[in-house]
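Undergrad: My questions are about this predicted structure, shown below with the sequence.
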Amino acid sequence: MISSCSRWLIVLAALALPGRVLALGHPLRILCAGDSITDGLDATDSYRAQLKLDLAARDVEAEFVGGRSGEYNHASTLKHQGIPGLRVEQLADQLDGWVDEFKPDLVLIMIGSNNIWMDYDIAPAQQALRTLLDGVTTRHPAVRFIVSNIPPVDWPEWGEHVKTFNAIFPIMEKELRRDSLSFVDSYSKIDPKTDLFVRLSNGNEDRIHPNFLGQAKIAQVWADAIISLPRPPAPQLGSDWNDRLARSASWLPQQGSAWQ
């Protein structure tokens, strides 16, 4: 068994060496949490397949964790916790358990669309999301969380509801200031005329879920945010941060990278 001191020396050595991210410990464990946009439609992996490629191109090895492999793409090996129909308050009931069970280093969250489509009030959904993020980051301080606003849709009335819901994100970014939590903007990257499924393979009209082009754009947003994460402060020997940082040495930043 490696002592706490030895594990920390491994981390320091990784930081001192130039070149690609070292393959020490295990890959960056990513839990993708959300609804059908996270799950993926028409035999896609949502944004996960492209995100894995984008991170690999930047020398970050990722392992996607979760209990699902796709409602619509059962051949997928990129695990996740994207549940079709999931609403904010339902995610709030389950996210702590998922973090405990799957032990991610990083959680990516995109949630809220179903609170709009199912005619649930937007204001309570916004408050539920704020409460969720405040609580889960407090209870899991050694886990990083990145949260995205929800993408646009090509339905005029519902599109305005999406804008209303997304207005909470800059407010949360100002109010929930902590090192383990960051926010990204997927909404502005998606063109509802070109980046959404118009009609699914089952014949149903959609104009809600990102298509392959939209998924690639969302993957780029996540990848940029992951690479830009600040490195956590140096932990004391024997601390929880020490154990987690040493265990996750394979995703430590390169010398001169944005993480440093």
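TA: It's in. Residues are numbered from 1 along each chain as shown.
Undergrad: wait, what's in contact with Ala33?
TA: By Cβ atoms under 8 Å, 6 or more residues apart in numbering, the residues touching Ala33 are 66, 80-82, 91, 95, 98, 107-111. For glycine as for every other residue, the C-beta is placed from the backbone atoms N, C-alpha and C.
Undergrad: Go through those residues and say which is closest to Lys193.
TA: Of all these, Lys193 sits closest to Met110, with 20.7 Å by Cβ to Cβ.
Undergrad: Please, a PyMOL command that selects the buried ones among the contacts of Ala33?
TA: To isolate the buried members of those in PyMOL, using 16 or more other Cβ atoms under 10 Å:
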select buried, resi 66+80+81+82+91+95+98+107+108+109+110+111
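Undergrad: Strands - which of the contacts of Ala33 land there?
TA: Counted as lying in strands by DSSP state E, out of the contacts of Ala33, are 81-82, 107-110.
Undergrad: Max pairwise distance over those residues: which two?
TA: Greatest spatial distance among the ones in strands among the contacts of Ala33 (Cβ to Cβ): Gly82 and Val107, at 12.3 Å.
Undergrad: related to what we said a few turns ago, Thr164: which of the contacts of Ala33 is nearest?
TA: Ile111 (15.5 Å).
Undergrad: Please tell me how far that closest one sits from Thr194.
TA: Ile111 is 24 Å from Thr194, where distance means Cβ to Cβ, to the nearest Å.
Undergrad: related to what we said a few turns ago, overlap of the contact sets of Gly82 and Val107?
TA: 32-33.
Undergrad: what sits against the most centrally placed residue in the chain?
TA: The C-alpha lying nearest the average C-alpha coordinate of the chain belongs to Leu108 (Cα atoms, centre = their mean; 1.3 Å). Each residue near Leu108 by Cβ under 8 Å, 6+ apart is listed here: 30-34, 146-148, 222.
Undergrad: In these, which has the lowest confidence score?
TA: When the contacts of Leu108 are compared by pLDDT, Gly34 scores lowest at 94.
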